[in-house]
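Novice: Starting from these lines, generate the structure:
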Amino acid sequence: MEDLEPLVELEDVIVYEYNSVIGINATDDWTTYVHIEEVVVPMYLDFIDRLEAVSPDTREVRGAHEIYIQASNLQYNAMLKTLSALEFQSYEMMSEANQMLSEARATMRRYVHEMEDLAEKHNIEFEE
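Specialist: From the prediction side, this is the model:
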């Protein structure tokens, strides 16, 4: 899955960009909104397009890859929900976005565990 390495690195950059304007790193809602809308969302759309273009060779790995895609789409939708929460100044929407981010992290852990199990089954090394 060497073709995923640059994508994982890209996702790390995107998550860093998102986190750079959220929570304790937030300066004001407008700055957060603009940064997510103009930087994070376009980068994440590109990431998802590239992620969905990856076609693993085996059925088992394709199944695990679908979990990664699911987690990424959930995280992307959470970022969009964050934009809506900021736009409408809705604590409820922000809470929903945070819940979606939690679900995305849980789904990503499921992907990692699936890949670790496959690596162990086939006696190969898997690095997160």
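
Novice: Please count neighbours and contacts with C-alpha atoms only from this point.
Specialist: Fine.

Novice: how about the residue nearest to residue 37 when sequence neighbours are not counted, what does it touch?
Specialist: If you skip the residues right next to it in sequence, residue 37 has residue 83 as its closest partner in space, 7.3 Å away by CA to CA, 6 or more residues apart in numbering. In this structure, residue 83 makes contact with 33, 36-37, judged by CA atoms under 8 Å, 6 or more residues apart in numbering.

Novice: Now list the buried members of these.
Specialist: If you count burial by 16 or more other CA atoms under 10 Å, the buried members of the contacts of residue 83 come out as 33, 36.

Novice: Among the contacts of residue 83, which lie within strands?
Specialist: With DSSP state E as the criterion, strands contain none of the contacts of residue 83.

Novice: if we look at the helix or strand that contains residue 12, which residues are touching it?
Specialist: In this structure, residue 12 is located in helix 5-19 according to DSSP states H and E. Outside helix 5-19, the residues within contact range by CA under 8 Å, 6+ apart are 25, 35-36, 39-40, 43-44, 47, 50-51.

Novice: and those residues as a markdown table, adding pLDDT, secondary structure and distance to residue 116?
Specialist: Rendered in a markdown table, the data for those read as follows (pLDDT from 0 to 100; DSSP: H, G, I helix; E, B strand; the rest coil; distance: CA to CA, whole Å):
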| residue | pLDDT | secondary structure | distance to residue 116 |
| --- | --- | --- | --- |
| 25 | 95 | helix | 33 |
| 35 | 98 | helix | 35 |
| 36 | 98 | helix | 32 |
| 39 | 98 | helix | 32 |
| 40 | 98 | helix | 29 |
| 43 | 98 | helix | 28 |
| 44 | 97 | helix | 25 |
| 47 | 97 | helix | 23 |
| 50 | 96 | helix | 23 |
| 51 | 97 | helix | 19 |
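
Novice: how much space between the residue nearest to residue 50 when sequence neighbours are not counted and residue 23?
Specialist: The shortest distance from residue 50 to any residue other than its chain neighbours is 7.6 Å, reached at residue 7 (CA to CA, 6+ apart). In this structure, residue 7 and residue 23 are 25 Å apart, going by CA to CA, to the nearest Å.
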